[in-house]
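Engineer: Sequence and predicted structure, then a few things I'm wondering about:
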Amino acid sequence: MERARLFEIEGETLAWLACYESQKHVDVPDSLGWTENALNIEGMAFKLQRDVSNGGHTQDETRWLYVVHTDVPDDVACEYTDWYDQEHLPRLVGVPGVVRARRYVACDAHPRYFTAYDLADRDAFTSPQGLEARKTPWTEKMRNLFSNTRRFTARLIVDEDWRSP
């Protein structure tokens, strides 16, 4: 089973974001060992690193996607991964209106890191709980190391599952 989702990116200029999720093999160098759980977005392939959900909503209730696409210096990449997996994603998924958070790494592109938050409430991160969840010393440290960063919110237009032949 694979999934295609089309989003309209909020902003002054009409822009679209197409995501194709697959459980199939990702064609990347064998040395990386990435074989499944891929995301293709804007022509770039990403490997799923972490998937956290709150269990309070179904995927069908998520009408919004909040994206953070960034790079960090190579010498802090391990700490960046630890921060996201141990603190940041679990805290943010605990915010009312945040249904799921997935962290990806690009197969061969920059920005290298891509995080997608499925939201039932478009304003979840600007709520008092959302602001509090992001207020930690570790978060402040890591966000100061981001470079080449893009953040945006997008509204779901099309969501389809399909089976490959």
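Structural biologist: Looks like it came in fine.

Engineer: where are the low-confidence patches of this protein?
Structural biologist: Judged by pLDDT under 70, the chain has its weakly predicted residues at 1-6, 12-44, 56-61, 158-165.

Engineer: can you give me the strands in it?
Structural biologist: 2-9, 15-22, 38-41, 44-53, 64-71, 98-106, 113-119, 147-162 (DSSP state E).

Engineer: Direction included, what does the fourth one pair up with?
Structural biologist: Pairing partners of strand 44-53, with direction, according to DSSP bridges: strand 38-41 (antiparallel), strand 98-106 (antiparallel).

Engineer: Give the buried residues for it.
Structural biologist: Judged by neighbour count (16 or more other CB atoms under 10 Å), strand 44-53 contains these buried residues: Met44, Ala45, Phe46, Lys47, Leu48, Gln49, Arg50, Val52. All C-beta spots, glycine's among them, are computed from the backbone N, C-alpha and C.

Engineer: Just the C-alphas of it, formatted as CSV.
Structural biologist: The C-alpha trace of strand 44-53 is given here as CSV (Å, rounded to 0.1, in the frame of the first residue of the first chain):
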residue,chain,number,x,y,z
MET,A,44,13.7,14.4,-3.3
ALA,A,45,13.7,11.0,-1.6
PHE,A,46,13.7,10.8,2.2
LYS,A,47,14.1,7.8,4.5
LEU,A,48,11.8,7.7,7.6
GLN,A,49,13.8,7.9,10.8
ARG,A,50,11.1,8.3,13.5
ASP,A,51,7.3,8.1,13.5
VAL,A,52,5.4,9.2,16.6
SER,A,53,1.7,9.5,17.0
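
Engineer: how far off strand 64-71 does it point, in degrees?
Structural biologist: Strand 44-53 runs at 120 degrees relative to strand 64-71, counting by axes from the mean of the first three to the mean of the last three CA atoms, to 10 degrees.

Engineer: so who does Asp75 touch?
Structural biologist: Applying CB atoms under 8 Å, 6 or more residues apart in numbering to Asp75 gives no contacts.

Engineer: Return the distance of it relative to Lys141.
Structural biologist: 14 Å (CB to CB, to the nearest Å).

Engineer: Can you give me the neighbour number for Pro128?
Structural biologist: Other residues lying near Pro128 total 8 when counted by other CB atoms under 10 Å.

Engineer: ok, it to Tyr104 distance?
Structural biologist: 29 Å.

Engineer: what do you get for Gln129?
Structural biologist: With CB to CB as the criterion, Gln129 and Tyr104 are 25 Å apart.

Engineer: Likewise for Gly130?
Structural biologist: On the measure of CB to CB, Gly130 and Tyr104 end up 22 Å apart.
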